[in-house]
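# the following comprises the amino acid sequence and a computationally predicted model.
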Amino acid sequence: MKTKLAMVIDSSTCIDCKGCMAACKVENKVPAGHWRNWIKRPEANFIAMEKAAGTAGGHFQPGNCMHCDTPTCVQACPTGATYKDEKDGTVQVNDELCIGCGSCIPACPYGARYRHPQKKIVDKCDFCEHRRLRGDLPACVVTCPTKARVFGDINDPKSDAARLLKQNKTTRVIHPESDTEPNIYYLNATAPMDWPVKAKIPTPIQLWGNVAKPLVWALVGINALGVLAMLGKQFILPDDDNQENDQREGQQ
Amino acid sequence: MSLTADKPISRRSFLKWTGAATAASVTAAQAPVLHALVPEKKAGAPAKVENRFSVCDMCLNKCGLIARVEDGVVTKLDPNPKFLKSRGMLCARGNAGIDQLYDPDRLKYPLLRKGQRGEGKWQRLSWDQALDHAAEQFTKIAEKYTRCGVLFTPGSDMQSTFVRWFAEVFGSYNVTTHESSCLLSRNRAYLDTFGEVPFSDILHTKYLIMAGANRFEALITPDSIDLMTAKKNGCKLVVLDPRYTKTAALADEWYAIRPGTDMAFFMALAHVIIGEKLYDQAYAAEKLYGVEQLGEHVKQYSPEWAEGECEIPAKEIRRIARELAAAAPAAIIYPGRRTSDYVNSTQIRRAMAIVNGLLGNWDQPGGLLAARQVGLSGPELPDSPFYEDNPDDRADHGRAHMMFDEEGSFKHMRDAIIEQKPYPVKGWFAYKINPLQSVANRNKTLQMIENLDFILTVDIAMSDTAWMSDLVLPAPSYLERQDPASGLQGSSACACVVTRDPVVPALFESKPVFWIFKELAKRLDLAEYFDFTIEEYRKQQLKKLPDGERALREDGVYYNPSKLYGVYEGRVYKTLSKKIELYNKRYADMGVDPMPIYRAPRRKPSGKFRMVVGRNAYFTHCTSQNNALLHEFMPENTLWINPKAAKRLGIRDGYMVEITSKAGKGVLKANLKEGIREDTVYMLSGFGVLSQGLTNIYGKGACMAEILEDYADEISGNMAMHETFVKVIRKGA
């Protein structure tokens, strides 16, 4: 069976220490103000806690790009820079092809993408491809104190990820109108569940997509495209800095 | 000099550039640093990659790590999977260690103060000039005021041991460590109950009560990680905290206890356990001293009485006592770490230790464990010189009942210096410690400084204490240092040895404090006492561990497979009665309550709040707030205030508030949190800095050390940081 890389996360053991976020940031040289991964938490229900003395009920939910099976970001990309890698099932961004237009950013229900302010392209979690190539696990997985994140090929029955998936009930976090078939599986239940947004795919790209992409792939060598791309990416979308706010303690 | 936001920078160009930038910001008139830090790589050539073991120094845990070095630049720190104490993890701070190494705010060369203290005018000195000046100043003070006229404050890293050794051969008893802002009252209480300070076998425990600790945020290895594993294996976690911390959030039960009333809760547990005979009576007869006295004493402390104090329902206290006793001996009242909270903090911890005693958990799986054998040897050092004219005791001696001579009490030392009693202390040597941010009542520390003739600080960056100093010497980070070996206790995880060798050469002109002492010793006729290298020192430390050097080289850690449980079989307890002392004989002899007597915390004046202190997982005390990466998690501190209390004051989330105590005041943003009691406020330490050399945080937030009033634990002299009442007013929207 084909390799399918995924994460199985026991969010009930996450202590929200931000180790995974720091590790990712250093490993992938993610610029200040941006993150490739996150830890979400539901609103604490203090009214319920007051009613039943002693209850606590907190939960933290680590995540990152879900490397979906039907990725809306791939649909939204006008150049084919964002693609589903057939060899391992990951969703990747080809830096050479990305024009930084940002169409894929609102197309992701999970806010997993950001525009790299220096490189002027879109960046996101790639399951630490460069580390995997040298035989290491992704930085977030290795660093996690409670080993909440388990990574592996879920089509390989010998992998820890596949075993966990087989032996446990799991939950995926999905927007009801944008089921992209994500490849992060949370053991048992997780919270919060209601944070993904409906995928927004720009209409022109939806219409052109199937025509334009093969063309772009054919024309990648042509410099003129680069010029067009530079023009295009400057006005299609503003920088999206919303994700930054989620990660700051002060905002929680 | 500034970077434009859209210009991409590689780490290499950043490295070259950083030197000049900080020189400009900290020391306006100086020439840029000349070091070319990294050789330019030939375009296209593959990076030369090396992986090197080291040990983290971002906090005190010393987690094993592997540094990836590409062409001489550290690009990533990963956990050492063979390092069991941390269970093979590296937290956010550990990952951000790179930003301590490559921090543009690092100190780069010796700086001599010009102008007033704290004015920020500095002159660059050569190392020779700096060391000559320091030696001259310390000699002057020694001649005029005796050698005890110099205060030494070591930090908590692996070279801090040399600060003690230098103080000893220089001739000063006045060594004051970080510990009096931290855990001395806990140590006192457990020493005076079990004869030794225990380590908790959290991994194997079935029931754990955590009061006054926040182990899922204030990370301690292996405790924090083992607590989650234990929970997964069915351990019940009960948390008492006036704040809904992350530990509280993940607990099975959380009670927002009234601050300062923990003793009432624990004495009520003892009341139930003894009253209902839920303890092992054969064990008690053999091992415990004072069960009968305690039984009489706690009759007054019923759960119904305790509910009136701590606001935890009596029926829950009763239930918890029974569940706890049923889980014993695999049940723990967690001793905690930072216990610098109340004027009776030793007695509060005694109450907790006594319940542990009743649970019979000492030396048992899932209970409290004695220190394991690590096997390091003390190096042979020459006998230190005797100075006839020195006074009899430390300057802070006698200001608390039972202080630790080797740790002292910063609060009491500061008072002694200000009062110049019993004798003048006029010099201060500070190594990687920052009392201006970490010790309650900053204005008093500033007053202490006014009484000093000469202050020397050795640190990596311009801390507030460095900023107020006369001479500032740059130290390398842990990734550039060679350190002695260090023994670590990890309860059931390990008893192990770690060490450090440089991962990369030291940047700028930074020099390890060991080298600084060697050079100072030469100038003070003390060279013979520092006539050794760190390699020689380490060799002596490892002499009884034949496998030590190899293991450190190959695995980055050496484990001693020493006994874990049953260490006390056939051994007596190091107490007066030679048993576990529920009733402390020595206390009785000294006029101290031999069993904890409940005294309600000082009454909060109406309209005010009690300030409590705490930690998160990104900042170690006040050391990493300026770290470029960690700073992103929390760019400034805020005041946690309950929405109901805030509403009465017209304060909304994000409003600026002014917070005032008898000691000082600060202005910061309000952070409306339902997860804090209405009578309590909380803020994090390490902001509101004086130092303009901390460019990410200068001008951000408020300084907790300025607002806290300086109370101390009556028995241990530990700082008492939860005794301050503050007024909060709206400052603006």
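Happy to help now that I have it.

# wait, what's in contact with residue A:160?
A:8, A:150, A:152 (CB atoms under 8 Å, 6 or more residues apart in numbering or on different chains). Yep, even glycine has a C-beta here, placed from its N, CA and C like the rest.

# can you do 6 Å?
Shown in contact with residue A:160 (CB atoms under 6 Å, 6 or more residues apart in numbering or on different chains): A:150, A:152.

# span of stretch B:369-376 from start to end?
End-to-end distance of stretch B:369-376 (CA to CA, to the nearest Å): 20 Å.

# buried sites along that stretch?
Buried residues in stretch B:369-376, defined by neighbour count with 16 or more other CB atoms under 10 Å in any protein chain shown: B:369-370, B:372, B:374-376.

# distance of the closest residue to residue A:34 other than its chain neighbours relative to chain B?
Once flanking residues are discounted, residue A:34 sits nearest to residue A:114: 4.6 Å by CB to CB, 6 or more residues apart in numbering or on different chains. Using CB to the nearest CB, to the nearest Å, residue A:114 is found at 14 Å from chain B.

# picking up where we left off before, redo the buried residues of stretch B:369-376 as JSON lines? Include distance to residue B:467.
Below are the buried residues of stretch B:369-376 laid out as JSON lines (distance: CB to CB, whole Å):
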{"residue": "B:369", "distance to residue B:467": "42"}
{"residue": "B:370", "distance to residue B:467": "43"}
{"residue": "B:372", "distance to residue B:467": "41"}
{"residue": "B:374", "distance to residue B:467": "38"}
{"residue": "B:375", "distance to residue B:467": "42"}
{"residue": "B:376", "distance to residue B:467": "36"}
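
# between those, which is nearest chain A?
Lowest distance from chain A to those (CB to the nearest CB) belongs to residue B:369, with 21.3 Å.

# local confidence estimate at that closest one?
Note for residue B:369: predicted pLDDT of 98.

# hang on, it packs against residue B:197?
No: contact criterion CB atoms under 6 Å: residue B:369 and residue B:197 do not qualify, at 10.7 Å.

# on that earlier part again, so which of the buried residues of stretch B:369-376 also contact chain A?
Among the buried residues of stretch B:369-376, none lies close to chain A by the criterion of CB under 6 Å from any CB of the partner chain.

# most widely separated two among these?
Using CB to CB, the two most remote members of those are B:369 and B:376, lying 18.8 Å apart.

# so which residues of the stretch 151-252 of chain A form helices?
According to DSSP state H, counting those that start in this stretch, the stretch 151-252 of chain A carries its helices in the segments A:160-167, A:203-219, A:223-236, A:242-247.

# now the weakest link among those helices, please, by mean pLDDT.
The weakest mean pLDDT among the helices of the stretch 151-252 of chain A belongs to helix A:242-247, with a mean of 44.

# report whether stretch A:88-101 contacts chain B.
No: judged by CB under 6 Å from any CB, stretch A:88-101 stays clear of chain B, getting no closer than 12.3 Å.

# now do that stretch, average pLDDT.
For stretch A:88-101, the per-residue pLDDT averages 97.

# next one: stretch A:17-33
98.

# which residues touch it?
With CB under 6 Å, 6+ apart as the test, stretch A:17-33 has contacts from A:35-37, A:62, A:117, A:139-140, A:143-144, A:244, B:76, B:91-92, B:95-96, B:98, B:617, B:629, B:633.

# residues contacting the residue in chain A positioned nearest to chain B?
Nearest residue of chain A to chain B (CB to the nearest CB) works out as residue A:58 at 2.4 Å. Residue A:58 makes contact with B:249-250 under the criterion CB under 6 Å, 6+ apart.

# now tell me which helix or strand of chain B has the poorest mean pLDDT.
helix B:11-26 (a mean of 40; mean pLDDT, DSSP states H and E).

# which SSE is immediately downstream of that one?
Going down the chain from helix B:11-26, the next helix or strand is strand B:49-55, by DSSP states H and E.

# so what's residue 148 scoring on pLDDT?
Using chain A. Note for residue A:148: predicted pLDDT of 98.

# correction: the question concerned chain B.
Here, the pLDDT recorded for residue B:148 equals 98.

# quick one, what contacts the nearest residue to it once chain neighbours are set aside?
Nearest-residue entry for residue B:148: residue B:172, 5.0 Å, with adjacent residues in sequence omitted and distances by CB to CB, 6+ apart. Residue B:172 is in contact with B:147-148, B:150, counting by CB under 6 Å, 6+ apart.

# I'd like the distance between the residue nearest to the spatial centre of chain A and residue A:111.
By CA atoms, centre = their mean, chain A has its centre lying nearest to residue A:65, at 1.2 Å. According to CB to CB, to the nearest Å, residue A:65 stands 10 Å off from residue A:111.

# check residue B:547 too.
Here residue B:547 is placed at a distance of 51 Å from residue A:111 (CB to CB).

# of those two, which one has the most company?
Using other CB atoms under 10 Å in any protein chain shown as the criterion, residue B:547 and residue A:111 rank with residue A:111 on top: 20 against 11.

# coming back round to it: mind checking how far the residue of chain A closest to chain B is from residue B:615?
With CB to CB as the criterion, residue A:58 and residue B:615 are 17 Å apart.

# which bits of chain A sit near chain B?
Proximity of chain A to chain B, by CB under 6 Å from any CB, involves residues A:13, A:15-19, A:22-23, A:26-27, A:46, A:53-54, A:56, A:58, A:118, A:142-143, A:145-146, A:249-250.

# just checking, which of those residues belong to helices?
Taking DSSP state H, the ones among these that sit in helices are A:19, A:22-23, A:26-27, A:46, A:142-143.

# greatest separation within the residues you listed: which pair is it?
Spanning the widest gap among these are A:27 and A:46, at 37.1 Å by CB to CB.

# out of those two, which sits in the more crowded spot?
In this view residue A:27 and residue A:46 are compared by other CB under 10 Å, and residue A:27 has more residues nearby, 24 against 15.

# where do the helices sit along the stretch 551-700 of chain B?
Using DSSP H, counting those that start in this stretch, helices in the stretch 551-700 of chain B cover B:585-590, B:630-633, B:643-648.

# quick one: list the elements packing against the shortest one.
Right, helix B:630-633. Contacts defined by 3 or more CB pairs under 6 Å, 6 or more residues apart in numbering or on different chains; DSSP states H and E place helix B:630-633 against no helix or strand at all.

# for residue B:607, grab the count of nearby residues.
Residues lying near residue B:607 (other CB under 10 Å) number 10.
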